[in-house]
Structures are given as structure tokens and as C-alpha cells.
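Q: Got a predicted structure plus its sequence, pasted below:
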Amino acid sequence: MGPVPSRGNVVDGQPVDAVDMIAALTAAQLVFQDGATQTFTADGRTTYADRGTPSTGEWSVTGDGSFASFWPPTYRATYTVRWIVEDGVRVGVSFMDTRSRVRYDGRYR
């Protein structure tokens, strides 16, 4: 996969700008360290699959540029999203939960 469209070059760990969030999340399916996958659509839908079992949710970009997710019926979380860059190429994004500070690295498939 080639670089994700962005305004200018980015470095590893740099926050994804709010204006680039849709392109960053919808560029390709993300694969996490535990093998789970997640896909995002530009209309704010997401599907997360863990061991082949999918669940669907919604996502949005908040006013401050953070990423917010909602998994019905009640789970809500907010994340800071940063680029994962290797050898000058954007290879994925990492999500840092703003409350628990747990980080999830998703690599483009």
C-alpha cells in the first residue's frame, strides 16, 4: 500500500490532523497486534472483528480533532490518533485511549 494522502510529510507518532482523519482511517483495513481487524467507512461506520466475530459501531472526529467511537448500546471512548510511519511511509495508525492511556496499533493490510 502506498502512502495515505495527507497535507505534507508526516513522522512516526505525529497526530493525525482532523482534516486527514477520514483518509487515514478508510485507506485500508487495519490489523492489530492480536490479529483483530477493523474497517472504517467515510460515513462514520466501523466493523471490528476479533477471532472472526464482527461487531459494528460508529465513529466521528470531535471538535478538538480526537477520534470518538460508539459501540451500541452504551460503550463510548475517545482516542488520540497518531501515524505509524516506517521508512517515510505511513503504514498504519495508533489509537491512544484518552482515559486509560492504553494504545492500540493498527497496521494497514
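A: Yep, it's here. Residues are numbered from 1 along each chain as shown.

Q: going forward, measure contacts between C-alpha atoms and count neighbours the same way
A: Noted.

Q: which residue sits farthest out from the middle of this protein?
A: Pro73 (21.1 Å; CA atoms, centre = their mean).

Q: Need the three-state assignment for Ala28.
A: When classified by DSSP: H, G, I helix; E, B strand; the rest coil, Ala28 comes out as coil.

Q: residue contacts, it?
A: Taking CA atoms under 8 Å, 6 or more residues apart in numbering, we find Ala28 in contact with Thr39, Tyr108, Arg109.

Q: Any figure for the gap between it and Arg90?
A: Distance, Ala28 to Arg90, using CA to CA, to the nearest Å: 12 Å.

Q: cool, and Val19?
A: Counting by CA to CA, the gap from Val19 to Arg90 is 16 Å.

Q: Repeat that for Arg45.
A: 22 Å.

Q: got it, and Val102?
A: 21 Å.

Q: what about Arg101, how many residues close to it?
A: Arg101 has 11 neighbours, counted by other CA atoms under 10 Å.

Q: my bad, Thr41
A: 16.

Q: what residues are up against the nearest residue to it once chain neighbours are set aside?
A: Take Thr41 and drop its neighbours on the chain: the residue closest to it by CA to CA, 6 or more residues apart in numbering is Thr26, 5.7 Å away. Shown in contact with Thr26 (CA under 8 Å, 6+ apart): Thr39, Phe40, Thr41, Ala42.

Q: Looking at the last one now. What's its pLDDT?
A: At Ala42, the pLDDT value in this model is 95.

Q: Wait, it touches Ile22, no?
A: Yes. Assessed by CA atoms under 8 Å, Ala42 is found in contact with Ile22 at 6.0 Å.

Q: circling back to that earlier point, the more surrounded of Arg45 and Arg90?
A: Set side by side, Arg45 and Arg90 show more neighbours around Arg90, with 23 against 15, by other CA under 10 Å.

Q: So what sits opposite that one in the bridge?
A: With DSSP bridges applied, Arg90 shows beta-bridge pairing to Val85.

Q: do the one 5 residues further on as well
A: For Phe95, the beta-bridge partners under DSSP bridges are Val81, Tyr104.
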